[in-house]
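**Student:** Pasting a predicted model and its sequence here:
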Amino acid sequence: MKKLVIVPCYNESEAIVHTVREIEAKAPDFDYIVVNDCSTDGTRDLLLQNQIHFLDLPVNLGIGGAVQTGYLYAKENDYDVAVQVDGDGQHDPAFLPLMAERLAKEQADMVIGSRFIEKEGFQSTFARQMGIRYFTRLIRHVTGMTITDPTSGLRMVGRKLIAAFAEEYPKDYPEPESTVFALKNGSRVLEVPVVMRARQGGKSSISLNRSVYYMIKVSMAILVEGKRKHAGL
Amino acid sequence: MLDFKLRLVAVIIVILGFVSVTCLVRRRKVELKYSLVWYAAGIVILIFTIFPQVMSGLSALLGIATPVNMLFMVAIIVLSAIVMELTAVVSASSKRIRRLVQEMALLQEKLSEKEEEDGESS
């Protein structure tokens, strides 16, 4: 089984080397590819110096575009499984083997690492949790499935969704929308409890101002995705 | 006062507008991001047609002769704002395309240099 870890990275020079080393240590049977989204903080040199395997985007695409590049890479290199691990250190690669096992055993198309099943570890701010709970309800309304952590970036997919996401992936705040897309196309989606950590340096890209746009845009995206014609994958 | 027929026509047009924008977004011809302005514009026009008091109040305040004129003025301002935003988006896109073209050219050169090197050493 060829397995790939996609590590999107935008200005995470503080955490990226540590994140990659952790992946190498805790998930040794996974390959990895860092996708450097035109960082401006010297990340590129850091990656070169540390001989880290990476894709260098000449233009900034945002998280959606960067992760999609990872899926394209996974598709072209014939990977069976691709999992996203954020470059800021929030995701613990120790969970990757477990997620891969569940994916294979239960023949799932997508496995999401959820912070909110066991409620252990970093739970994010109160405001964000309220927002996430709202999205859970909205997604349940649109698809009938309960996804406890729809914004989790720690997601693993199989071949079907690798191909689908390589073709079509939302530009910003992609996780909830792409989960609805997967569900609407008949994908089998499961969640496993994971423990996340606070980001290990750098800044979050979602500020207070953007939160309003974020809530509106993602809500509409979920509704529209629910109403699209889906032919299955 | 605004003619009832005109208000009805305006509401129908806005609703048709909502439907076609939604259709375009569903078929992935327009990104959701850019459709938001159009929804907002439609909502503003709906408010004006459903609550003509707002319109007559505002037009009196601004010294405009008839509320219809104000409707057109608002529509023109909204459209101009949308066009302005699109102009900015096009400008950003062309910058990015230029960068891509340049990077590709540089990559091509690197690649042919490498091929030459490999050719010479083998």
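**Tutor:** Thanks, I have the structure now. Numbers count the residues shown, from 1 in each chain, chains lettered A, B, ... in the order given.
**Student:** Return the set of buried residues in the host helix or strand of A:Glu225.
**Tutor:** Using DSSP states H and E, A:Glu225 sits within helix A:208-227. If you call a residue buried by 16 or more other Cβ atoms under 10 Å in any protein chain shown, then helix A:208-227 has these buried ones: A:Tyr214, A:Lys217, A:Val218, A:Met220, A:Ala221, A:Ile222, A:Val224, A:Glu225, A:Gly226. (Each C-beta comes from the backbone N, C-alpha and C, glycine too.)
**Student:** wait, isn't the third one in contact with A:Glu177?
**Tutor:** This points to A:Val218. Yes - look at A:Val218 against A:Glu177 with Cβ atoms under 8 Å: they come within range, at 6.8 Å.
**Student:** Low-confidence regions, chain B specifically.
**Tutor:** Within chain B, the segments meeting pLDDT under 70 span B:1-2, B:121-122.
**Student:** Can you pull the residues of it lying near chain A?
**Tutor:** Within reach of chain A by Cβ under 8 Å from any Cβ of the partner chain, chain B has these residues: B:Thr22, B:Val25, B:Arg26, B:Arg28, B:Glu31, B:Leu32, B:Lys33, B:Leu36, B:Arg96, B:Arg99, B:Leu100, B:Glu103.
**Student:** list the helices and strands the helix holding A:Glu225 packs on?
**Tutor:** Applying 3 or more Cβ pairs under 8 Å, 6 or more residues apart in numbering or on different chains; DSSP states H and E, one finds that helix A:208-227 contacts helix A:126-143, helix A:174-184, helix B:4-26, helix B:32-50.
**Student:** contacting residues around that helix?
**Tutor:** Here helix A:208-227 makes contact (Cβ atoms under 8 Å, 6 or more residues apart in numbering or on different chains) with A:127, A:131, A:134-135, A:138-139, A:142-143, A:170, A:172-173, A:176-177, A:180-181, A:184, A:206, B:22, B:25-26, B:32-33, B:36.
**Student:** Can you give me the neighbour number for the residue of chain A found nearest chain B?
**Tutor:** When scored by Cβ to the nearest Cβ, chain A has A:Pro58 as its residue closest to chain B, at 4.0 Å. Using other Cβ atoms under 10 Å in any protein chain shown, A:Pro58 has 15 neighbouring residues.
**Student:** Could you pull up the residues touching A:Tyr73?
**Tutor:** Counting by Cβ under 8 Å, 6+ apart, A:Tyr73 has contacts A:Leu4, A:Ile6, A:Ile33, A:Leu55.
**Student:** So which of these sit within strands?
**Tutor:** If you go by DSSP state E, the contacts of A:Tyr73 have A:Leu4, A:Ile6, A:Ile33, A:Leu55 in strands.
**Student:** Just among the residues you listed, which is most surrounded?
**Tutor:** A:Ile6 leads these on contacts (other Cβ under 10 Å) with 28 neighbours.
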